[in-house]
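In: turn this into a structure:
(one chain, ligands or ions: 1)
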Amino acid sequence: MSLKILVVEDDRQISNFICYALKNEGFSCAAAYTGQDAMSKLVSASADILLLDLGLPDMDGIEIIKKVREWSEMPIIIVSARDRDMEKANALDSGADDYLTKPFSATELSARVRVAARHLNKLSGHAGAAAKTVGGLQLDFEKRLVYLDGAELHTTPMEYNLLAMFFKNIGKVLTTSYIIKEIWGIGYGTDTQALRALMAGLRRKIEKTPAAPRYILTEIGVGYRLVDE
Ligand code: CA
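Out: Residues are numbered from 1 along each chain as shown. A predicted model of the protein is given here:
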């Protein structure tokens, strides 16, 4: 059975384009054109992944994310206009998993949906893996050790915690404010200086070319993402 994606988008041209591209990839697709329509379809018909435009005529997309998160861990990919970084960060902090910036290509869309589909498999499968690998990078959760190309890598406890957070969220964008809250705790505010310094130190250890990272990518104005490969 193919995965079903609910596409919530009021622009019918974009909605048709998305569904056409998803069907080409072997997914099944249902469309909702308003927030109300989306909520009733989410309740009545089962969907595996939600693709959500934040700018809907009747409802704020963020409200839909919060409502869905009350009962479901389903992957949510938001669709947002360019230069709305605050909006993207807000949606991710509210529980969205990823975002696509308009305009996007069919290739970009299917890549994002495939990542979400893999997460879905992991949700029902082996969630508590003892070690995870991304490219030449491996993290052993039990021993709290990091390996790069087979060799043990010495990290500080803070660097390990940061990297472990990314390994628990492979492929997912983590917002700057989320990372700061998780690493330093609530009340640390939104001072990104310390995070940038910590990230620079970690990148010097894990990246061959820290200025052009291949593992942890910067999502400008939003946060960071550990690649899924
Ligand atoms: Ca819209």
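In: in space, what's closest to the most centrally placed residue in the chain - neighbours in sequence excluded?
Out: Nearest to the mean C-alpha position of the chain, by Cα atoms, centre = their mean, lies residue 172 at 2.9 Å. Nearest non-adjacent residue to residue 172, counting by Cβ to Cβ, 6 or more residues apart in numbering: residue 97, 5.5 Å away. Every residue, glycine included, has its C-beta placed from N, CA and C.
In: the residue lying farthest from the centre of the chain and residue 180, how far apart?
Out: In terms of distance from the mean C-alpha position of the chain, residue 151 ranks first, at 28.8 Å (Cα atoms, centre = their mean). Going from residue 151 to residue 180 by Cβ to Cβ, to the nearest Å gives 30 Å.
In: got a list of what the residue nearest to the centre of the chain touches?
Out: Residues in contact with residue 172 (Cβ atoms under 8 Å, 6 or more residues apart in numbering) are 97-98, 119, 225-226.
In: ok, residue 46 next?
Out: With contact taken as Cβ under 8 Å, 6+ apart, residue 46 is in contact with residue 4.
In: so it sits in a strand?
Out: No. Under DSSP: H, G, I helix; E, B strand; the rest coil, residue 46 sits outside any strand and is assigned coil.
In: could I get the contacts of residue 172 as JSON lines with neighbour count?
Out: Converted to JSON lines, the contacts of residue 172 look like this (neighbours: other Cβ atoms under 10 Å):
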{"residue": "97", "neighbour count": "23"}
{"residue": "98", "neighbour count": "22"}
{"residue": "119", "neighbour count": "20"}
{"residue": "225", "neighbour count": "20"}
{"residue": "226", "neighbour count": "24"}
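In: out of those, who's nearest residue 217?
Out: residue 225 (5.1 Å; Cβ to Cβ).
In: give me the residues contacting whichever strand or helix holds the closest one.
Out: Residue 225 is located in strand 223-226, with elements delineated by DSSP states H and E. With contacts defined as Cβ under 8 Å, 6+ apart, strand 223-226 is touched by 89, 92, 134, 166-167, 169-176, 178-179, 199, 215-219.
In: ok, that strand: who's next to it in the sheet?
Out: strand 173-175 (antiparallel), strand 216-219 (antiparallel) (DSSP bridges).
In: and residue 122, what's its pLDDT?
Out: Listed pLDDT for residue 122 reads 66.
In: again, but for the one 10 residues further on
Out: Confidence at residue 132, expressed as pLDDT, is 90.
In: now do the SS call for it.
Out: Put simply, residue 132 is strand when judged by three-state DSSP.
In: for it, give me its contacts.
Out: With the criterion set at Cβ under 8 Å, 6+ apart, residue 132 makes contact with 138-139, 141, 167, 170.
In: just residue 12 next, same as before
Out: Contacts of residue 12 (Cβ under 8 Å, 6+ apart): residue 33.
In: repeat for residue 63
Out: Counted by Cβ under 8 Å, 6+ apart, residue 63 has contacts residue 35.
In: distance check, it against the ion.
Out: According to Cβ to the ion, to the nearest Å, residue 63 and the ion sit 15 Å apart.
In: from the middle of its chain, how far away would the helix or strand where that residue lies be?
Out: Element membership for residue 63, per DSSP H and E: helix 61-71. Distance of helix 61-71 from its chain centroid, counting by Cα atoms, centre = their mean, to the nearest Å, is 16 Å.
In: just checking: what are the partner strands of the very next helix or strand once past it?
Out: Next in sequence after helix 61-71, counting helices and strands by DSSP H and E, comes strand 76-81. Using DSSP bridges, the strands paired with strand 76-81 are strand 49-53 (parallel), strand 98-102 (parallel).
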